[in-house]
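Need a 3D model of the following:
(2 chains)
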Amino acid sequence: MSEAASRVPALLAGELRVVNLGLQAFASDLERRGVAVLHVAWSPPAGGDLKRAALLAALDDEEDADA
Amino acid sequence: MTTVALVKRSAYRDSVLLLDLARELRALPGVREAAALMATPANQELLAGSGLSSEDALAAGPNDLVIAIRAESAAAADLALARAEALVAARDRPVGPAGRALPRTLDSAWRRLEGANLALISVPGPFAAAEARRALLRGLHVMLFSDNVPVEAEIALKQLARRRGLLMMGPDCGTAYLAGVPLGFANAVPRGRVGLVAASGTGLQQVATLLADSGEGISHGIGVGGRDMSEAVGGAMALVAIDALAAEPATEAIVVVGKPPAPAVRAAVAARLRAAGKPAVACLLGRGARPGREGSLTIAATLEDAARAAVAAVRGHAWTPRPFGPEITGLRERLTSARRALAPGQRTVRGAYAGGTLADEARLILDAVRAGGPGVTSEIVDLGADEYTVRRAHPMIDPAARIAEIGRAAADPRTAVILLDVVLGHGAAADPAGDLAPALEAARRSARAHGRDIALVATVVGTDADPQGMRRQIARLEGAGAWVLPSNAQAARAAACIAGGEPALAAILAEAGA
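Predicted structure coming up:
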């Protein structure tokens, strides 16, 4: 598959807007610096069952392929 | 003695919050031991191993929070449990901006945060790749802080990112600076004109802080993850990052930092740097990496040299490598007196590192000294490596693994020097020097109780603008008897000289051509 034009220059030239998934301290740090950040109250999918979580992730991908 | 447990069903908390929680509980009166963890099978084993397991805890599942407490009395245990309840409730932050409940998935956050352009992902390794993939599919650049992600998943994520023109930083990307914003473990450094590409978080931190100390700032610091320049991953993101910095007007020089790349990747990275149209420096730590020049590209042997070469490049100065900074006075006397305090059989440098690249750098320097003749041996442990962090937070946050390693080093009669790094900045522990100082003091006491001494050598990676304060941290280490040097390379050399004596110093000076 071919590569799209890089969107990295726009990222470096613009303002960060961050979705934070995981350590809440990272979101708090960014908030204190005035960076736009939205923390996700994440918990392990499928109740932490790795096999079921992998199946869910695969389903998610199929939806994207259809989209 | 009473052991009690509090179980919160379906109450996921991240490892840093849990660490803080356990620390606060341990400090309560009458509490002997406390653990706060998600009841995954691995953590259940950990609980059992520390004698904190109970029927309630055993019944908990991977998505349940368990707080286990061993206390001197039932009353103390009850008080601690009540405190635990309150702490869990206080740490809960179910609401976000404007009082709205926080989103529970990446997708809903992406829909809510207009113009979102980056996902910062630090969930446990087994779940990390799926979340990163989801983010890339939504058009978000990704910084993947999580470790314990398989290399096959990394390759697939980076291929997807390239197809979409996105940055995929990591997995195991500890540090980045994008558009003036520090991300992950990052020091407070000024913005400036040196752009960094790093397959190493602490390598990036060392170069950025030494640049700051020289009065230079960084334009951007793009982390790519420790395996990016391996043969398997092929430098997929390093090349994207170099191209971006080559085109970025505020960047006047580019520095690439990492472990030794696969030969083909090294050639591709070097070619891209020579073609960047700006001065460039590569510090790819490995045996046989000869420092020198390749056109506009400088090859630096250490992280400190990389920083000094970059300063020279943007200022149009010349520079030469030096083994010790000019600010170190009385070097020979200091080394000699430290050596004299040791027994003849004490020849080993024991490194207890939090930074993987700093550990690599120390190993290389000590190996080079050993090759020069003196009978020095070294055992450098990187306590931030994947195998040590499966069940606990990184040693930059949780000092327990390092305290244990310092104890082991002190008990070894061959140990001449305990060598360590203390990494400051956002994300790191509030007082890392204070966390380690008692263990360092105890190491010296126990060595002396056995009729020997032990030397303590450290470096602090940080700036005075960091929340922990560079000067305060140095003072705390010096108070514990440590010799604190201005860079990791200098600390490793000083350790080698104490362990190896005059012949080691001679070998170092000979290699530097001094």
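
Please make it C-alpha for all contacts and neighbour counts, starting now.
OK.

Now do the SS call for A:Val18.
strand (DSSP: H, G, I helix; E, B strand; the rest coil).

What's the local residue count around it?
Using other C-alpha atoms under 10 Å in any protein chain shown, A:Val18 has 25 other residues around it.

Isn't it up against B:Ile121?
No: A:Val18 lies out of contact with B:Ile121 (C-alpha atoms under 8 Å); the separation is 10.1 Å.

Need the residues touching each of the two.
Both A:Val18 and B:Ile121 lack any common contact, where contact means C-alpha atoms under 8 Å, 6 or more residues apart in numbering or on different chains.

Any chance of the backbone angles for B:Ala198?
phi -130, psi 130 (degrees, to the nearest 10).

who's in contact with it?
B:Ala198 neighbours (C-alpha under 8 Å, 6+ apart): B:Leu204, B:Gly221, B:Ile222, B:Gly223, B:Val224, B:Gly225, B:Ala238, B:Val256, B:Val257, B:Gly258.

which ones are touching the first one?
Residues counted as contacts of B:Leu204 (C-alpha under 8 Å, 6+ apart) are B:Thr175, B:Leu196, B:Val197, B:Ala198, B:Gly221, B:Gly223, B:Val257.

Identify the residue nearest B:Ala338 in space, chain neighbours excluded?
Counting by C-alpha to C-alpha, 6 or more residues apart in numbering or on different chains, B:Ile498 is the residue found nearest to B:Ala338 once chain neighbours are left out, at 6.1 Å.

now A:Arg52: how far from B:Phe145?
Applying C-alpha to C-alpha, to the nearest Å, the value for A:Arg52 to B:Phe145 is 23 Å.

higher neighbour count, the two?
Taking neighbours as other C-alpha under 10 Å, A:Arg52 and B:Phe145 compare with B:Phe145 leading, 28 against 13.

My read is that that one contacts B:Leu183, right?
No: with contacts counted by C-alpha under 8 Å, B:Phe145 stays clear of B:Leu183, the gap being 9.5 Å.

Can you show me the helices along chain A?
For chain A, the helices defined by DSSP state H occupy A:8-13, A:24-32, A:50-66.

and of those, who's closest to B:Leu364?
Closest to B:Leu364 of the helices of chain A is helix A:24-32 (C-alpha to C-alpha; 32.9 Å).

Keep only those of the contacts of B:Ala198 that are in strands.
B:Gly221, B:Ile222, B:Gly223, B:Val256, B:Val257, B:Gly258 (DSSP state E).

for the second one, which residues make a bridge with it?
In this structure, B:Ile222 has the following beta-bridge partners (DSSP bridges): B:Val197.

What pLDDT does the model give the most centrally placed residue in chain B?
Closest residue to the average C-alpha location of chain B: B:Gly355 at 3.6 Å, with C-alpha atoms, centre = their mean. At B:Gly355, the model reports a pLDDT of 93.

give the contact list for it.
B:Gly201, B:Thr202, B:Gly203, B:Asp382, B:Leu383, B:Gly384, B:Asp421, B:Val423.

could you flag which of those residues are buried?
B:Gly201, B:Thr202, B:Gly203, B:Asp382, B:Leu383, B:Gly384, B:Asp421, B:Val423 (16 or more other C-alpha atoms under 10 Å in any protein chain shown).

how many other residues sit next to B:Arg448?
By the criterion of other C-alpha under 10 Å, B:Arg448 has 12 neighbours.

Give the buried residues for the helix or strand encompassing it.
Assigned by DSSP states H and E, B:Arg448 belongs to helix B:432-449. With burial defined by 16+ other C-alpha under 10 Å, the residues of helix B:432-449 counted as buried are B:432-437, B:439-441, B:443-447.

neighbours of the residue nearest to B:Ala338, just the number please.
Neighbours of B:Ile498 (other C-alpha under 10 Å): 31.

I'd guess it is in a strand, am I close?
No: under three-state DSSP, B:Ile498 falls outside any strand and is assigned helix.

who does whichever helix or strand comes after the helix holding B:Arg448 touch, helix- and strand-wise?
Proceeding N to C from helix B:432-449, the next assigned helix or strand is strand B:455-461, under DSSP H and E. Counting contacts by 3 or more C-alpha pairs under 8 Å, 6 or more residues apart in numbering or on different chains; DSSP states H and E, strand B:455-461 is packed against helix B:201-213, strand B:415-423, helix B:470-479, strand B:482-485, helix B:488-500.

What is the burial count for B:Arg290?
11.

does it sit in a helix or strand, and which one?
Using DSSP H and E, B:Arg290 falls within no helix or strand.

How much space separates the residue nearest to B:Ala338 from B:Ser337?
From B:Ile498 over to B:Ser337 (counting by C-alpha to C-alpha), the distance is 9 Å.

where in chain A is pLDDT low?
Residue ranges of chain A with pLDDT under 70: A:1-2, A:59-67.

Repeat the analysis, applying 50 as the threshold.
Within chain A, the ranges that satisfy pLDDT under 50 run A:63, A:65-67.

which residues touch B:Val369?
Neighbours of B:Val369 in contact, by C-alpha under 8 Å, 6+ apart: B:Val376, B:Ala496, B:Ala504, B:Ala507, B:Ile508.

Let me know the secondary structure of it.
Applying three-state DSSP: B:Val369 is helix.

ok, now how distant is it from chain A?
As judged by C-alpha to the nearest C-alpha, to the nearest Å, B:Val369 and chain A stand 40 Å apart.

quick one: B:Ala208 and B:Gly215 touch, right?
No: the pair B:Ala208 / B:Gly215 is not scored as a contact, 10.5 Å apart, by C-alpha under 8 Å.

Between these two, which has more neighbouring residues?
It is B:Ala208, of B:Ala208 and B:Gly215, that has more neighbours when counted by other C-alpha under 10 Å, with 31 against 12.

What is the neighbour count of B:Ala116?
With other C-alpha under 10 Å as criterion, B:Ala116 counts 22.

who touches it in this structure?
Neighbour list for B:Ala116: A:Leu16, A:Arg17, A:Val18, A:Val19, B:Trp110, B:Leu140 [criterion: C-alpha under 8 Å, 6+ apart].

Now for those: which two are most distant?
Top of the distance list for the contacts of B:Ala116 (C-alpha to C-alpha): A:Leu16 and B:Trp110, 13.5 Å.

Out of these two, name the residue with the larger neighbour count.
B:Trp110 (23 against 19).

can you list contacts of the helix or strand harbouring that one?
Per DSSP H and E, B:Trp110 falls inside helix B:106-112. For helix B:106-112, contacts defined as C-alpha under 8 Å, 6+ apart pick out A:Val19, A:Leu21, A:Leu38, A:His39, A:Val40, B:Pro103, B:Ala116, B:Glu131, B:Arg134, B:Ala135, B:Arg138.

Look up the closest residue to the fourth one, ignoring the ones flanking it.
Spelled out, that is A:His39. A:Asn20 (4.7 Å).

dump the residue contacts of that neighbour.
Counting by C-alpha under 8 Å, 6+ apart, A:Asn20 has contacts A:Phe26, A:Ala27, A:Val37, A:Leu38, A:His39, A:Val40, B:Ala119, B:Leu120, B:Ile121.

Tell me the bridge partners for the last one.
Same thing as B:Ile121. A:Leu21, B:Leu144.

B:Leu106 versus that one, what's the distance?
10 Å.

Closest one of the contacts of B:Ala198 to B:Ala74?
Using C-alpha to C-alpha, these come closest to B:Ala74 at B:Gly225, 47.9 Å.

burial measure for the residue lying closest to the closest one once chain neighbours are set aside, as a count.
Nearest in space to B:Gly225, with sequence neighbours left out and distances taken as C-alpha to C-alpha, 6+ apart, is B:Gly170 at 3.9 Å. Look at B:Gly170: counted by other C-alpha under 10 Å, it has 30 neighbours.

and if you look at the one 4 residues further on?
Neighbours of B:Gly174 under the rule other C-alpha under 10 Å: 28.

OK, contacts around the closest residue to it other than its chain neighbours?
Leaving aside its chain neighbours, B:Gly174 sits nearest to B:Gly201 (4.8 Å; criterion: C-alpha to C-alpha, 6+ apart). Contact partners of B:Gly201, counting by C-alpha under 8 Å, 6+ apart, are B:Cys173, B:Gly174, B:Thr175, B:Ala176, B:Phe185, B:Gly223, B:Gly225, B:Gly355, B:Thr357.
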